[in-house]
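> A predicted structure for the sequence below; I have some questions about it.
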Amino acid sequence: MLNFETYQKGATKAETRPFVTLQVKGPIALNRPAYEALGRPPALELLFDPHKQVVGLKGCARDHRNAFPVRAVGNAKSSFMVAGKSFTNYYGIDISQSRRYPAFMEDGILCFDLARGRAATRTRRGGTNGHHKVERVSSLAR
């Protein structure tokens, strides 16, 4: 006997690990765990280690010389964005496809390795879903 659960329409599992997404048009998106790991700053400094190909995001005040203001996205405020097109252009970082990166903290800086990104797919509601794969089942074996 199969033990089915009913999916509650609109329900999603909240991601608990920090992720950063570099989007096609340039914005840098942080999920809630990534933003909270930084201490919920009003702005970010964008850092880059060109030898290791690691991007760093460091919290700062909005009036800091190199500040990129953070804005919450959507009513749930589960995603946060900063402008990043000039940054990715300057360092030649490929944004021809949205990519999602696992992030980690090092010395108060949220870091992500450009070699570890995965293509971020679009969900029906328009968000990114780069870590789940949904397979369609055509028939059930009995």
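Arrived safely, thanks for sending.
> quick check: which element contains K52?
When elements are assigned from DSSP states H and E, K52 belongs to no helix and no strand.
> please apply the same query to P33.
helix 32-37.
> packing partners of that helix?
Contact analysis of helix 32-37 by 3 or more C-beta pairs under 8 Å, 6 or more residues apart in numbering; DSSP states H and E lists strand 19-22, strand 79-82 as its packing neighbours. C-beta: built from backbone N, CA, C; applies to glycine.
> among those, which is the most enclosed?
Each of the helices and strands packed on helix 32-37 was scored by mean neighbour count; the highest is strand 19-22, a mean of 23, by mean count of other C-beta atoms under 10 Å.
> hmm, back to that, got a list of contacts for the helix holding P33?
14-20, 70, 77-80, 103, 105, 110 (C-beta atoms under 8 Å, 6 or more residues apart in numbering).
> quick one, what contacts K58?
Counting by C-beta under 8 Å, 6+ apart, K58 has contacts 38, 44-45, 47, 108-110.
> show me what contacts L47?
55-58, 109.
> assign it to helix, strand or coil.
strand (DSSP: H, G, I helix; E, B strand; the rest coil).
> for it, report the pLDDT, please.
As predicted, L47 sits at a pLDDT of 98.
> and the helices in the chain?
For the chain, the helices defined by DSSP state H cover 32-37, 85-91.
> can you redo those helices as TSV with mean neighbour count, distance to R62 and mean pLDDT?
Below are those laid out as TSV (neighbours: other C-beta atoms under 10 Å; distance: least, C-beta to C-beta, whole Å; pLDDT from 0 to 100):
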stretch	mean neighbour count	distance to R62	mean pLDDT
helix 32-37	19	15	96
helix 85-91	14	17	96
